[in-house]
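Enquirer: what's the 3D shape of this:
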Amino acid sequence: MPDTLPQLLAGLAALVAGLWAWRRYHYQSFWLLVGFPIVAVTVRATWRTVALGCGLTKKRQRWWFTTVPGAIASTGVVKVRRRFQRVAVDTKPFMLLPRPTRYGWRVTVHTLEGQIPADYAQAAERLAHSWGVHAVRVSSPRPGRVVLAATVRDPLVRLDHLPPSADLLTVHVGRLETGGLWTIDFRTVPHWVNAGATQSGKSNLANALLVGLAPQPVALVGIDLKGGVEFTPYAPRLSALATTRAESVRLLDDLVGLMVDHMGLCRTAGARNIWQLPPGVRPVPIVVLVDELAELYLMADKSEKDEITRTSTALLRVAQLGRAFGIYLFLSGQRIGSDLGPGVTALRAQCSGRICHRVNDPETATMTLGDLDPAALVSARAIPAETPGVAIVASQDGQWYRARSFYVGEQTAEHAAHTHAHLTPDWAEITRPARSAQVGGADLSELLSA
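Expert: The predicted structure is shown next:
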């Protein structure tokens, strides 16, 4: 016994060290083979008490058989008779078997009568604390079913490099809290609002977007009302850059005229949008990057009123009609509130893509996310200052997620702008008027038949 005890302790220490190293250096296989089976058993075993503690059970009336002692017969046998008795019992929602995910697990629950997904969403934080996980998200794929997606650890703490995208107008800019890629796809969601305070990660996201779009056959246009300090280093890859509001008005007028020209081209070809045109006729798509959106609406005196009105009207027209004709918006700002005027509210309504980093005032968060799930607004206000790049994103699947953008510094974005400068379309060539007239009817017919 004295000889075997040290060996047993040494073996136990080696086992613990091996499990620690396995979990540390190859977490995915450790989670699937060791961690998840233990968690699955624990979740199923504790579901009744957890559901009761989170208020997800319901009282139901059930009939039970009860025994009532009778008279004692002469044979000494105790006679009993059975009767029905109605009693109230706690009924828990039925849970299927948990399924593993990359960063946790998910399980489908059958709701009880009278329950809705919002009941589970309100209990999500209590569920996370009960199971000891980082977060629990709730979704409902169909009536009567609720999916609880648990994240064991925060996937946004450490991020890898920015992966390239092979699809046109699509950029992988970060990671979602589910572990999946955070993708901005302008073909699916054409216009985006990106709100965030200084040092919140707003500019970093714009850098990631520029790096992803630089090698693609698209025209990039910048409106930088910080005097050009943000976008001027990226000028080699920008077809046009406006640094004052007067320049912005002229640039937006060009975009409206270009949009009208694309309308005529599509009408001549019998197409509903530029993507139905043959490649030889299709105009180059344009992505407009706006920094400090509020500067387009702020008025120092009444002399600027007409200029602001022209700017607001042109930007709203592009947002309303630009998608079909290949013009897309990515609007960034520290302050986006209804006090800037009705133009901002109308513009927000045309932008289905919403990104809210840490903000300084509740009005900006409300303006960005307030017409979505109220829980998204609560999460946006809880973003700590020490986590730059973390944001609440309204994704193209109709859900909202916590996400974090990959770190892309100014030098990386500037290098990408210079490397792909040869792909920059000439703005004078793009805005040359009567493009549809230049492609004559006979030539257009030949291209369409080809």
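
Enquirer: Name the spans of the stretch 151-300 of the chain whose pLDDT lies under the cut-off.
Expert: 159-162 (pLDDT under 70).

Enquirer: which stretches of it form helices?
Expert: Here the stretch 151-300 of the chain has its helices, by DSSP state H, counting those that start in this stretch, at 202-213, 245-269.

Enquirer: Which parts of this structure belong to which domain?
Expert: Using automatic domain parsing, the domains assigned to the chain come out as 96-153, 170-449.

Enquirer: Please identify which of these is closest to A13.
Expert: For the domains of the chain, the distance to A13 is smallest for domain 96-153, at 25.3 Å, taking C-beta to C-beta. Glycine gets a C-beta too; all of them are placed from N, C-alpha and C.

Enquirer: which residues touch the host helix or strand of L331?
Expert: Taking DSSP states H and E as the definition, L331 sits inside strand 327-333. The contact list for strand 327-333 (C-beta atoms under 8 Å, 6 or more residues apart in numbering) reads 169, 184, 186, 190-196, 202-203, 205-206, 209, 255, 258-259, 285-294, 315, 318-319, 322, 347, 351.

Enquirer: What of stretch 399-406?
Expert: If you take C-beta under 8 Å, 6+ apart as the criterion, stretch 399-406 is touched by 135, 139, 156, 159-162, 173-178, 182, 201, 204-205, 208, 369, 372-373, 375-376, 379, 387, 389-395.

Enquirer: So what's the gap between it and the chain middle?
Expert: The chain centroid and the centroid of stretch 399-406 are separated by 5 Å under C-alpha atoms, centre = their mean, to the nearest Å.

Enquirer: Please apply the same query to stretch 238-251.
Expert: That offset, for stretch 238-251, works out to 30 Å (C-alpha atoms, centre = their mean).

Enquirer: Only the buried residues of that stretch, if you could.
Expert: Within stretch 238-251, the residues scored as buried using 16 or more other C-beta atoms under 10 Å are 238-243, 245, 247-249, 251.

Enquirer: Could you do stretch 101-117 as well?
Expert: 101, 103-107, 109, 111-112, 115.

Enquirer: Make a markdown table out of the residues you listed and add pLDDT, distance to T309 and secondary structure.
Expert: What follows is the buried residues of stretch 101-117, written out as a markdown table (pLDDT from 0 to 100; distance: C-beta to C-beta, whole Å; DSSP: H, G, I helix; E, B strand; the rest coil):
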| residue | pLDDT | distance to T309 | secondary structure |
| --- | --- | --- | --- |
| T101 | 85 | 50 | coil |
| Y103 | 80 | 49 | coil |
| G104 | 85 | 51 | strand |
| W105 | 88 | 54 | strand |
| R106 | 90 | 50 | strand |
| V107 | 91 | 54 | strand |
| V109 | 90 | 53 | strand |
| T111 | 89 | 51 | coil |
| L112 | 86 | 55 | coil |
| Q115 | 86 | 50 | coil |
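
Enquirer: Taking those together, which two end up most distant?
Expert: Every pair in the buried residues of stretch 101-117 was compared (C-beta to C-beta); the two farthest apart turn out to be Y103 and L112, at 28.9 Å.

Enquirer: now, of the domains of the chain, which is deepest in the fold?
Expert: Neighbour counts (mean count of other C-beta atoms under 10 Å) averaged over each of the domains of the chain peak at domain 170-449, with a mean of 19.

Enquirer: mind checking how far it is from the chain centre?
Expert: Its chain's C-alpha centre lies 16 Å from the corresponding centre of domain 170-449 when counted by C-alpha atoms, centre = their mean.

Enquirer: Offset the numbering so it begins at 14, please.
Expert: Sure, I'll start numbering at 14, so the last one becomes domain 183-462.

Enquirer: Which stretches in the stretch 314-463 of the chain count as strands?
Expert: Using DSSP state E, counting those that start in this stretch, the strands of the stretch 314-463 of the chain run over 340-346, 366-369, 403-407, 413-418.

Enquirer: Would you format those as a markdown table with distance to W288 included?
Expert: Compiled in a markdown table, those are given as follows (distance: least, C-beta to C-beta, whole Å):
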| stretch | distance to W288 |
| --- | --- |
| strand 340-346 | 13 |
| strand 366-369 | 19 |
| strand 403-407 | 24 |
| strand 413-418 | 27 |
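
Enquirer: mind checking which of the ones you listed is nearest L109?
Expert: strand 413-418 (23.4 Å).

Enquirer: Could you export the closest one as PDB, CA atoms only?
Expert: Written as PDB, here are the backbone C-alpha positions of strand 413-418 (Å, rounded to 0.1, in the frame of the first residue of the first chain):
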ATOM      1  CA  TRP A 413     -29.700  40.000 -33.600                       C
ATOM      2  CA  TYR A 414     -26.300  38.900 -32.200                       C
ATOM      3  CA  ARG A 415     -23.400  40.100 -30.200                       C
ATOM      4  CA  ALA A 416     -20.500  40.300 -32.500                       C
ATOM      5  CA  ARG A 417     -16.900  41.500 -32.600                       C
ATOM      6  CA  SER A 418     -15.000  42.800 -35.600                       C
END
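
Enquirer: for R367, what are its contacts?
Expert: Going by C-beta under 8 Å, 6+ apart, the list of residues near R367 reads 205-206, 381-382, 385, 405-407.

Enquirer: And the pLDDT for it?
Expert: pLDDT, R367: 90.

Enquirer: Which residue is the nearest non-sequential neighbour of it?
Expert: A407 (4.0 Å; C-beta to C-beta, 6 or more residues apart in numbering).

Enquirer: wait, doesn't the one you found sit right on C364?
Expert: No: at 9.7 Å, A407 does not count as touching C364 under the criterion of C-beta atoms under 8 Å.

Enquirer: list residues touching both of these two?
Expert: In the contact map built from C-beta under 8 Å, 6+ apart, no residue is linked to both A407 and C364.

Enquirer: one step back: may I see the domains of the chain arranged in a markdown table, with distance to G24 as well?
Expert: Shown next, in a markdown table, are the domains of the chain (distance: least, C-beta to C-beta, whole Å):
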| stretch | distance to G24 |
| --- | --- |
| domain 109-166 | 28 |
| domain 183-462 | 35 |
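
Enquirer: And those domains: which comes nearest L22?
Expert: Here domain 109-166 is closest among the domains of the chain (C-beta to C-beta), at 28.8 Å.
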